[in-house]
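J.: sequence first, then the predicted structure, then my questions.
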4 protein chains.
Amino acid sequence: MPERVRVALVGAGRIGQRHAATLASAIPRAELAVIADLHGSSAETLAGKVRCDRWTDDPVAVLADPAIDAVVIASSTDSHAPLIVAAAGAGKQIFCEKPIALDLEATDRALEAVERAGVHLQMGFQRRFDKAYHQAKALIDAGTLGRIEAIRDTMRDPSPAPRAYLETSGGLYRDMTIHNFDCVRWMMGEEVTELFAMGSALVSPLFQELDDIDTSVISLRFANDGLGVIDNSRRSGFGYDVRTEVFGSEGAIMIGYSRDTPMLRLDTNGVHSDHIHWFLERFDQAYIDELRVFVDGIVDGTPPPVDGNDARAAMALAYAAEASRRENAPVSPARFARA
Amino acid sequence: MPERVRVALVGAGRIGQRHAATLASAIPRAELAVIADLHGSSAETLAGKVRCDRWTDDPVAVLADPAIDAVVIASSTDSHAPLIVAAAGAGKQIFCEKPIALDLEATDRALEAVERAGVHLQMGFQRRFDKAYHQAKALIDAGTLGRIEAIRDTMRDPSPAPRAYLETSGGLYRDMTIHNFDCVRWMMGEEVTELFAMGSALVSPLFQELDDIDTSVISLRFANDGLGVIDNSRRSGFGYDVRTEVFGSEGAIMIGYSRDTPMLRLDTNGVHSDHIHWFLERFDQAYIDELRVFVDGIVDGTPPPVDGNDARAAMALAYAAEASRRENAPVSPARFARA
Amino acid sequence: MPERVRVALVGAGRIGQRHAATLASAIPRAELAVIADLHGSSAETLAGKVRCDRWTDDPVAVLADPAIDAVVIASSTDSHAPLIVAAAGAGKQIFCEKPIALDLEATDRALEAVERAGVHLQMGFQRRFDKAYHQAKALIDAGTLGRIEAIRDTMRDPSPAPRAYLETSGGLYRDMTIHNFDCVRWMMGEEVTELFAMGSALVSPLFQELDDIDTSVISLRFANDGLGVIDNSRRSGFGYDVRTEVFGSEGAIMIGYSRDTPMLRLDTNGVHSDHIHWFLERFDQAYIDELRVFVDGIVDGTPPPVDGNDARAAMALAYAAEASRRENAPVSPARFARA
Amino acid sequence: MPERVRVALVGAGRIGQRHAATLASAIPRAELAVIADLHGSSAETLAGKVRCDRWTDDPVAVLADPAIDAVVIASSTDSHAPLIVAAAGAGKQIFCEKPIALDLEATDRALEAVERAGVHLQMGFQRRFDKAYHQAKALIDAGTLGRIEAIRDTMRDPSPAPRAYLETSGGLYRDMTIHNFDCVRWMMGEEVTELFAMGSALVSPLFQELDDIDTSVISLRFANDGLGVIDNSRRSGFGYDVRTEVFGSEGAIMIGYSRDTPMLRLDTNGVHSDHIHWFLERFDQAYIDELRVFVDGIVDGTPPPVDGNDARAAMALAYAAEASRRENAPVSPARFARA
């Protein structure tokens, strides 16, 4: 490995721009070598902004380039699996935004390619790198909470994404709840053995039209008989709502974020503060650290802390939730295990 | 009605003592006329403590006394239904601790007696009189939150009740979750149309021995397609945990209570505060106001804000939760509707 | 001493009403024997409300009554010193609202009478009995904060008292800051050796008219060279503001109170909560406990935790603050020491 | 002006490293052209870290370079004034860490050079660019708080700086309180007309040895008769403590920061959270935005929001505080006005 990992970024959209800024300046061990986007002009604009010398509209060509050590995949979801297969085939280390694919079959094919190639595949579940979640997990692993018995995991977007996004999102469970599925597996340190999902379309007629849901609660049982709940909404009515509570025999942890600015305003109506509004603000630090860990892992030869198997397990839970809702019955995720 | 309602208190245990203190001094329109307890000495001791002139070991005789206008039933659960029937037969106004009975049959017989007699039956769901819950409900009813779409309701005791209590408690759902069932019906302003319950016995071997559970999550669907979750534990690991969150199209409400004393302690390890430890402290104000409202209702002729039908509906939800857990399937509470 | 202390309450105004309710019901070792007020009708009304059998318009006669063990003085400030002198002369135990008198001469005469008679004189500095302040002091005394180095003490009323009250209040320092003076002496466990006071009349023209101030900051030096600040306003713009911070070599304590109801409301404008509005609510528990401690002290023969000497010391600090403002110079409170 | 401002950074120490990272990557309109430090190796190391092509051990030569548009001065305090004079003479735009100089004479000479040259001199009072302070000031200016009447401003370091730093720091008022002096002038929108300062050396014998103080409270009067308090300590006992409260006729603002990570830990001892520990973390966003505003001001031709006159005014307040402490009397800062 060279001292500095030469990274190709594929995808110059919202999250690609975020990663470009990080790779360009915040990670001394990384060099942003090239930005690729099928829309060449997007790649060019972003390259100018972060002072990257090279850009291209041909992501696949980039993957064949021997001057590239690693690839960060932040392009549209349907391109993830083919890019992973190509990158693995070329022996590149891989960071990929969730999900690998919207279906388990394509996911499994990508995992096989990665396994065959023996490369890293780190998944962009950014919560795992958030300082609060990271510390919570460390306390849990250290036994501070005693035996872990229950978890409550909440996620609400401030308002629904645009129709175009929702149409190809894969639906609430594969697109949004997937973050919660990864979170509860990780925090509990146990696999889900059964879940029951209820959903409704309340937020906008669009969701009914798309045969999707916008509001959901899911009950979960874990292998240790611990229990959990996940609740989601595509619209919060106030801001970005991500909170997690873990309960153990010796205590509990509550992770939440509400105040954006450390300022209170007081008047005769009471006390007022603002609320964090967007996931890019909430997870600002995590988006940097996930790439730092990825690059460190390449240089130091340590495996990624969240990999393709985690992404697959979360997607299997999404499948199980969909089946539970369809069948109005509890479902075991084992039904969707990898062959 | 006399200017001052003459109240008989039946039951001199923990909650009876609380009500005695309230009736003796905090409610000008009420007069604590007599304290009755099968253990005469308990009645006597309590009467001395709150300076009540009269006590007896014969609750039933009290109910026949024409000098009594109203009765507050705070005796053991198995006596609630018979005392309600007797009190209703004697035309007394009734305040009763939850539940009316541990089974729906006895509950329905008591309700019939109350209906026949045309007397008030106010149930001791104290959360309804808590300032925070009361204000939340007012904001919801005023439309401040827009359309109500979801609710999260949590309740954890600091530690399990003693074995003797648990043996006759009726189990987690009839004894503890019953408060959450009443709360979610009230807050949502909608009936539950379906629920799914998961339970585990994790806290102590005692619960398995009693064929009971100590940890539970319940998913709920309401008539308006709104969704809810209730989670419970018989032991929190930290203190008394009662929190409720209601989400609407225009905003949300979060009711919680953690700090008992308005004091922070700071050191190099961080910031530390205490946590409220007991429901009698958390609901101190509510335990007074529920009796004030009861007495006001008698004098002013206004119906109780939470009555026997609410208690019955909450118990039907407990039945549905038990059935759901037994059958590992979603259950409609309609199955347990009053004949 | 009889098992139950027979207490006479003098004064049926706002704070007298509060004490009457407490004495009538919340303190088993006390019996509210009589209510005295120069306005007989006020005494009569209050007696009816708290079911006290006896009332009178002659406070002095009450003090001579051998059936009375103790007196709670809650009448107007100008009557405090004469009543203390009379009560002490009659050998009664005394609880008195602050201050003893608005001038040090009358204060000293009252203290002499108390000392001669050897009776208790407990002063109504209710903060000392507030759970948070009480615990903070215990932590300080236990050495948890290490060496105590600084204190910040804030007090703001929601809005100015009426003109009639202000006219005879003795001004900001003798009427309001006196609470802070007592608090900082107690918390620091040290006497003030020098202070510097700045004041302004900003809130209302009334204060200028009365040659009074409504806004003030005072710097303090303590005997151990620790430093402090007290800031006051007759109007907060939001609610009742009482907060204290104590800083030591090993940590700090922050006592504050803002949220009245444990409820947050969230919308697109942010997060909103209410604010406690009135000192009677903020110190609800303290107003009960100060009388309980007074009564316990009588029965158990333990001295009051805050006595006439504390009241005198706080008044001397008020004198020093006035002198400092007049002379625009730092002043040592020793100048106003008891002869 | 070129599209991209070519910036020379002078000083590769702690704060210089912070600014280098910002200039290298976070400000698209700026180009970090060269890093200068008398210790050439420090400049070289930093240049490598942030991938800046050029470094030098001759800051003065840099100032003469026509390829440089602006200079960020982050070197040791004694070099600030000479560098400002040189930079102004060469027509460079200037950003300088506080203070301009530890004495008013050198400060005034630097200001004259800046005025003669007609260049920008923006001072590194980073609080002014903190989101919370910025929003608070906007609310104050918009009249949301009504008439501004009082301010409380607190600053405590987690622990004293090393002896070497303290020896040349200029003492508590010129080194630390200077931030508070700038803050209260800015927030109140009024000049201080009188102040009274009390100080003690309590934290460490070192401060007595250096004839310095480590603990201080200062009372302030503003031109509108509003009042203020500033309290400082060189050691907090818990973490970095920066809080400001502004009180107006219609409400108040409280700016504070305590929790670093949005995580609570609960156990039987209560509720625990961490505390922010370092000013570089607390003001992370402000350190970026102050340079962004500096660069924007150069390109857009808008004057800096905090300039040399603000720095001078704050230093005059430090002089006044020292005089007040020396004379044990209130002092008017007018005594130290610019000739």
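T.: Received the coordinates, thanks.

J.: how far off centre is the lowest-mean-pLDDT helix or strand in chain A?
T.: For chain A, the helix or strand with the lowest mean confidence is helix A:279-282, at a mean of 85 (criterion: mean pLDDT, DSSP states H and E). Relative to the chain's own centre, helix A:279-282 is displaced by 13 Å; criterion: C-alpha atoms, centre = their mean, to the nearest Å.

J.: can you tell me what sits against that helix?
T.: A:14, A:18, A:157, A:240, A:242, A:257, A:260, A:276, A:287 (C-beta atoms under 8 Å, 6 or more residues apart in numbering or on different chains). All C-beta atoms are positioned from the backbone trio N, CA, C, and that covers glycine.

J.: which members of those residues are positioned in helices?
T.: A:14, A:18, A:287 (DSSP state H).

J.: neighbour-wise, which of these leads?
T.: Each of the ones in helices among the contacts of helix A:279-282 was scored by neighbours using other C-beta atoms under 10 Å in any protein chain shown; the highest score is residue A:287's, at 21 neighbours.

J.: residues in contact with it?
T.: For residue A:287, the set of contacting residues under the criterion of C-beta under 8 Å, 6+ apart consists of A:18, A:19, A:22, A:126, A:129, A:280.

J.: and with 7 Å instead?
T.: Applying C-beta atoms under 7 Å, 6 or more residues apart in numbering or on different chains, we find residue A:287 in contact with A:18, A:22, A:126.

J.: repeat that for residue A:254.
T.: If you count contacts by C-beta under 7 Å, 6+ apart, residue A:254 has them with A:245, D:264, D:266.

J.: pLDDT wise, what is the first one at?
T.: Read it as residue A:245. What the model reports as pLDDT for residue A:245 is 97.

J.: what about it, neighbour count?
T.: When neighbours are defined as other C-beta under 10 Å, residue A:245 has 23 of them.

J.: for it, phi and psi?
T.: The phi/psi pair for residue A:245 (degrees, to the nearest 10) reads phi -130, psi 130.

J.: shouldn't it be in contact with residue A:252?
T.: Yes. Here residue A:245 lies in contact with residue A:252, judged by C-beta atoms under 7 Å, at a distance of 6.4 Å.

J.: nearest to chain C, of the contacts of helix A:279-282?
T.: residue A:260 (8.6 Å; C-beta to the nearest C-beta).

J.: low-confidence stretches in chain A?
T.: Flagging of chain A using pLDDT under 70 yields the residue ranges A:1-2, A:257-258.

J.: so where does residue A:338 fall, helix or strand?
T.: Assigning secondary structure by DSSP states H and E places residue A:338 outside every helix and strand.

J.: end to end, how far does stretch A:163-182 reach?
T.: End-to-end distance for stretch A:163-182: 25 Å, by C-alpha to C-alpha, to the nearest Å.

J.: likewise stretch A:141-148?
T.: For stretch A:141-148, the first-to-last residue distance is 10 Å (C-alpha to C-alpha).

J.: mind checking how far the closest residue to residue A:152 other than its chain neighbours is from chain C?
T.: In space, residue A:152 comes closest to residue A:245 once its chain neighbours are excluded; the distance is 4.4 Å by C-beta to C-beta, 6 or more residues apart in numbering or on different chains. Spatial separation of residue A:245 from chain C under the definition C-beta to the nearest C-beta, to the nearest Å is 16 Å.

J.: quick one: contacts for residue A:245?
T.: Contact partners of residue A:245, counting by C-beta under 7 Å, 6+ apart, are A:151, A:152, A:252, A:253, A:254.

J.: thanks a lot, see you next time.
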